[in-house]
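Q: Mind looking at a prediction? Sequence and model below.
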Amino acid sequence: MIFGLAPNGSDADDIRMAYIVTRNTRFYVVAYDGIDPLTGRERRRWHPAGASRTDAEAIAATLDAAASPPPDASTRSLTVGRFLTEQWMPRRRTQLRATTAHRYEWMIDNYINPRIGDVHLRGLRVEHVDRLYHDLLTTGSRTGGELASKTVYDVHVIMRSSLGDASRHSLVESNAALMAQAPRAQPRARCGPETWTAGQLRQYLANAAHLRLYPALHVAATTGMRRGELAGLRWGDWQPDTHRISIARSRQVVGGQSVEVPVKTRTSRRCIDLDPTTETILGCWRRLQRRHSHPVDLGDPIFTNAAGCAVHPESISQLFDRHLARTDIPRIRFHDLRHTHASLLVAAGTPIKVVSERLGHAHPGFTMATYQHLIPGMSATAALDFANMIATAPHDGGR
C-alpha cells in the first residue's frame with residue numbers, strides 16, 4: 001500500500017514529497033532523489049521505518065523539510081500590510097473594475113492595515129482574523145461605533161482572496177480566513193418607499209422641469225438607466241431615425257474622480273426604445289447645448305456641466321436629492337427611479353422579458369424576483385381572478 005504518492009507529471013514541489021509504502025506490515029519512506037544523469041529517470045531512495053506508522057510519518061516529515069528550501073529573509077519579515085499593498089493589490093488591480101479596485105484599496109488602508117497590517121504574514125493566525133472582524137463589527141465605523149455586517153463581510157472577501165493567493169505562492173501554510181468566523185452579509189434595512197406611483201413620478205418631473213439638467217432626470221425616469229450609464233451617454237448613442245438609444249459605456253466615481261469604464265455586464269450593453277416626449281426633450285437639449293457653444297458631435301457627451309464637460313455622476317444624483325427635499329413627495333434614492341420605471345411597467349402588464357431587456361438584466365427571472373414584490377395588490381388581484389374563474393366555470397358532468 002502506498003500513502004502520499006506524487007503522481008507522474010506533477011510539479012517539482014510534488015515530486016520532492018516523501019511518501020509511505022507498506023510491505024508485509026513494515027513501513028518504508030520513499031523520497032525523491034533527483035534525476036539519474038545516465039538514464040534520465042527519477043531516482044528514489046527507500047528509508048526503512050519499522051512497524052510504526054507514526055515513525056514513518058515523522059521520517060517523511062523530516063525528509064520533506066530537508067528538501068524544501070527555507071524561506072528567505074524577505075519572506076520571513078513580510079507583513080500583512082506590505083503583502084496586501086505591495087504584492088496582492090498590484091496583481092488584482094489588473095483583474096478588477098476600477099471602482100472595485102479602489103474600494104478594495106480603501107478598505108485595506110482603513111480597515112485591515114490599521115489593525116493587523118503589522119502582523120507578520122507567516123505568523124497570521126485565525127485569532128488575528130477573528131479579532132479583526134470583531135473589532136470592525138463593534139468599533140469599526142468612522143465615529144467609533146458599529147460597522148455594518150455587510151461591510152465586514154466585504155473585508156472578509158478581501159482577506160479570503162488575498163490569503164488564498166498567499167497560500168498558492170507558499171507565503172503562508174494555510175488560509176486563516178477560511179477558518180475564521182465571517183459575519184453574514186445582512187441586507188441593509190430600507191426606510192420609506194422604494195418606488196413612486198405614476199402620479200408621484202409625474203409630479204416630481206413637472207416640478208423639476210425648470211432645472212438645467214432636467215433632461216437627464218427625465219431620461220433616467222423613462223428608461224430605467226443606471227446613473228453611470230446616463231452620465232456615459234454620447235450623442236452618437238442616440239439614433240433618432242430608429243427612436244432608440246444605446247448603452248455602451250458608464251461613468252463611475254473612482255477616488256472622487258469621474259472615470260469612463262465599460263458597462264457593468266455583457267447584458268448591460270443594450271438598446272432602449274424612446275418615447276416621442278423623451279426624444280423631443282433630447283432634441284431641445286441639443287439645441288440648447290449648441291447655443292452655449294458646447295460640442296454636440298457624435299463622440300461628445302450628451303449630459304454636460306456648465307463648462308461643457310461630461311457631467312459628474314454624483315452631480316446628477318445630488319441634483320435629484322436637492323430638488324426632492326424641496327417637495328412633499330416621499331423620499332427615495334436616485335437609483336429608485338430605476339426601480340420605479342420597472343415596477344410601473346410590470347404593473348401595467350408589460351412582459352417581464354421586455355422589462356428585463358430595458359434594464360439590461362442577465363435573466364428575466366432576476367427582474368421578476370427583484371421588482372414584482374414592489375407592486376401592491378397584484379397577489380390580491382390574482383386571488384380574485386382565480387376565484388372568479390372557478391365560480392363562472394361550467395359544470396363538466398360527473399364522469
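A: Perfect, thanks for sending it. Remember, it's a predicted structure, so these values are computed and weren't measured experimentally. Numbering: from 1, shown residues only.

Q: all contacts plus neighbour counts: C-alpha atoms, from now on.
A: OK.

Q: which residues of this structure score low on pLDDT?
A: Applying pLDDT under 70 to the chain flags the ranges 1-17, 33-42, 64-75, 185-193, 372-379, 396-399.

Q: From Arg333, how far off is the residue sitting nearest the centre point of it?
A: Nearest residue to the geometric centre of the chain (C-alpha atoms, centre = their mean): Thr100, 7.2 Å. The gap separating Thr100 from Arg333 is 22 Å, by C-alpha to C-alpha, to the nearest Å.

Q: Give me the domain ranges for the protein.
A: Here the chain is described, according to automatic domain parsing, as comprising the domains 2-67, 75-179, 198-334.

Q: rewinding a little: the residue nearest to the centre of the chain sits in which helix or strand?
A: If you go by DSSP states H and E, Thr100 is part of helix 98-107.

Q: And that helix, what's buried?
A: Neighbour counts over helix 98-107 (16 or more other C-alpha atoms under 10 Å) mark 98, 101-102, 104-105, 107 as buried.

Q: Report the contact partners of the residue nearest to Arg26 when sequence neighbours are not counted.
A: In space, and not counting its chain neighbours, Arg26 is closest to Ala51: 4.9 Å by C-alpha to C-alpha, 6 or more residues apart in numbering. By C-alpha atoms under 8 Å, 6 or more residues apart in numbering, Ala51 lies in contact with 25-27.

Q: Would you mind measuring from the nearest residue to Arg270 once chain neighbours are set aside to Ala231?
A: Leaving aside its sequence neighbours, Arg270 sits nearest to Ile247 (C-alpha to C-alpha, 6+ apart; 5.3 Å). Taken as C-alpha to C-alpha, the spacing of Ile247 relative to Ala231 amounts to 11 Å.

Q: Compare neighbour counts for these two and give me the winner.
A: Ala231 (27 against 22; other C-alpha atoms under 10 Å).

Q: what's near enough to touch the more buried one?
A: Ala231 makes contacts with 250-251, 301-303, 310-313, as judged by C-alpha under 8 Å, 6+ apart.

Q: change it to 6 Å
A: Going by C-alpha atoms under 6 Å, 6 or more residues apart in numbering, Ala231 touches 251, 313.

Q: next one: phi and psi at it?
A: phi -70, psi -20 (degrees, to the nearest 10).

Q: any idea how far it lies from His102?
A: Using C-alpha to C-alpha, Ala231 is found at 20 Å from His102.

Q: what's near enough to touch Gly117?
A: Counting by C-alpha under 6 Å, 6+ apart, Gly117 makes contact with 80-81.

Q: sorry, back to before: want to throw the buried residues of helix 98-107 into TSV with distance to Trp46?
A: Below are the buried residues of helix 98-107 laid out as TSV (distance: C-alpha to C-alpha, whole Å):
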residue	distance to Trp46
Ala98	54
Ala101	51
His102	54
Tyr104	50
Glu105	51
Met107	51
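
Q: Pick the one among those closest to Ser356.
A: Taking C-alpha to C-alpha as the measure, Ala98 is the one of these closest to Ser356, at 26.1 Å.

Q: beta partners for the closest residue to that closest one other than its chain neighbours?
A: Nearest non-adjacent residue to Ala98, counting by C-alpha to C-alpha, 6+ apart: Val254, 6.8 Å away. Beta-bridge partners of Val254, counted by DSSP bridges, are Gln257.

Q: shouldn't Val254 be in contact with Thr99?
A: Yes - contact criterion C-alpha atoms under 6 Å: Val254 and Thr99 qualify, at 5.5 Å.

Q: mind listing what's buried in the helix or strand hosting Val155?
A: In this assignment (DSSP H and E), Val155 forms part of helix 149-168. Residues of helix 149-168 classed as buried: 149-156, 158-167 (neighbour count, 16+ other C-alpha under 10 Å).

Q: Stretch 288-300 too?
A: 289, 294-296, 300.

Q: outside of it, which residues touch it?
A: Contact with stretch 288-300 is made by 234-236, 308, as judged by C-alpha under 6 Å, 6+ apart.

Q: By neighbours, which of those wins?
A: That'd be Arg234 among the contacts of stretch 288-300, by other C-alpha under 10 Å, with 22 neighbours.

Q: how much space between that one and Ala325?
A: 30 Å.

Q: now the strands for the stretch 201-350 of the chain?
A: Under the criterion DSSP state E, counting those that start in this stretch, strands of the stretch 201-350 of the chain are mapped to 238-239, 244-247, 249-254, 257-262, 270-273.

Q: go on, the stretch 1-150 of the chain?
A: 2-3, 19-23, 26-35, 42-50.

Q: Quick one: closest of these to Leu63.
A: strand 26-35 (7.3 Å).

Q: okay, stretch 326-343 in CSV with CA atoms only?
A: Only the C-alpha atoms of stretch 326-343 are listed here, as CSV (Å, rounded to 0.1, in the frame of the first residue of the first chain):
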residue,chain,number,x,y,z
ARG,A,326,-38.0,70.9,-1.5
THR,A,327,-41.1,68.9,-2.3
ASP,A,328,-43.6,66.9,-0.3
ILE,A,329,-43.1,63.8,-2.4
PRO,A,330,-41.9,60.7,-0.5
ARG,A,331,-38.1,60.4,-0.3
ILE,A,332,-36.4,57.9,-2.5
ARG,A,333,-32.9,57.5,-3.9
PHE,A,334,-31.9,58.5,-7.4
HIS,A,335,-31.4,54.7,-8.2
ASP,A,336,-35.0,54.2,-7.1
LEU,A,337,-36.1,55.9,-10.4
ARG,A,338,-34.9,52.7,-12.0
HIS,A,339,-37.0,50.6,-9.5
THR,A,340,-40.0,52.9,-10.2
HIS,A,341,-39.6,52.5,-14.0
ALA,A,342,-39.5,48.7,-13.8
SER,A,343,-42.3,48.3,-11.2
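
Q: Alright, I will stop here.
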